[in-house]
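1. what would the 3D arrangement of this be:
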Amino acid sequence: MIIVKPEMIDNQIQTLPEMNSIWQETLNWQPTTQQQDQFHKLYELIIVGNQQLNLTRITTPEEFWEKHLWDSLRGIKLVWEKPLSSPEKKKVIDIGTGAGFPGLPIAITLPLYTITLLDSTRKKISFIETVLADLAIKNCLPIASRAEQIGRIFQHRETYDLAVLRAVAPITVCAEYALPMLKVGGIAILYRGNFTTDEHSNLLKVVKLLGGKIEVIETFKTPLSNSIRHCIHLQKVCQTPINYPRPVGAPIQKPLNHLT
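-> Residues are numbered from 1 along each chain as shown. As a prediction, the model looks like this:
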């Protein structure tokens, strides 16, 4: 189990930049003082956790802010601006959360939402459990399992309003992981760097097979490094056939775009 004790946090860990003007310009939002404190504490815990478990290569304050915090929240910008961000309880699943991104920043920012943090690596989920306790985050449920497994059980299948996946697998595999989990009308957001014409063509066929459609493809740049980002929004339009997701390993070994 990953244990992060207060005395392990080095006083030399730098402070995260607040970047309030960029938050405002890009998301029309700024973190509260409490949220800013939670972001910084999360940064400290990630830096210390990296000493025991390879959580991330992004460790400088500016990179962490841009590539983990800003990137996580910018990915949900379009749904944030819709009724999904109204003060009702919504269910979100972060598939392949790793060290907790994008799920933890979303949970900190939208405390009325319930966020399931799913990862197949037990040690990473143990680390996240420590983070949730230290940051007093009450709206997250960490689960150590595979998307192919929980996507077939009723507690998770066709249950979620929003699914987020960041750099988890090839894009058609991400679609097979996410769409079975969504309610009809729900949205999956696939966070990508590049998004090619071939990927788009393959995704069109696969998403239709899984009961969805491509709703929006966003292209934008990060505010500090000007790196290209794509967020592909998939909308669930009808129930996913019961045979999806396929058994563990099959989506990666035999992607649906090769079968359609």
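2. ranges for the strands of this structure?
-> Using DSSP state E, the strands of the chain run over residues 91-95, 114-119, 140-144, 160-166, 182-192, 212-221, 228-236.
3. pairing partners for the third one, with directions?
-> In other words, strand 140-144. strand 114-119 (parallel) (DSSP bridges).
4. give me the angle between the strand it pairs with and strand 160-166.
-> Calculated by axes from the mean of the first three to the mean of the last three C-alpha atoms, to 10 degrees, strand 114-119 forms an angle of 40 degrees with strand 160-166.
5. residues making contact with strand 114-119?
-> By C-beta atoms under 8 Å, 6 or more residues apart in numbering, the surrounding residues in contact with strand 114-119 are 89-98, 100, 103-104, 106-107, 125, 128, 139-145, 147, 150, 156, 160. Placement of C-beta: from N, CA and C, glycine included.
6. could you do stretch 233-242 as well?
-> 78-79, 158, 175, 178-180, 182-190, 207, 209-218.
7. switch to 7 Å and redo it
-> 78, 158, 175, 178-180, 182-190, 207, 210-216 (C-beta atoms under 7 Å, 6 or more residues apart in numbering).
8. and what of stretch 139-159?
-> Under C-beta under 7 Å, 6+ apart, the answer for stretch 139-159 is 91, 95, 107, 111, 113-120, 122, 125, 128-129, 132, 177, 180-183, 239, 245-248, 251.
9. relative to residue 28, which of the strands of the chain is closest?
-> Ranking these by proximity to residue 28 (C-beta to C-beta) places strand 212-221 first, at 14.5 Å.
10. can you list contacts of that closest one?
-> Residues outside strand 212-221 that contact it (C-beta under 7 Å, 6+ apart) are 78, 179, 187, 195, 203-204, 207, 227-237.
11. now a PyMOL select for only the buried ones of these.
-> A single PyMOL command selects the buried members of the contacts of strand 212-221 (16 or more other C-beta atoms under 10 Å):
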select buried, resi 78+179+187+195+203+207+229+230+231+232+233+234+235+236+237
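12. burial measure for residue 218, as a count.
-> 16 (other C-beta atoms under 10 Å).
13. which residues does it bridge with?
-> Going by DSSP bridges, residue 218 forms beta bridges with residue 231.
14. ok so, going back, of the contacts of stretch 233-242, keep whichever come out buried.
-> By 16+ other C-beta under 10 Å, the contacts of stretch 233-242 give 78, 158, 175, 178-180, 182, 186-190, 207, 210-212, 214-215 as buried.
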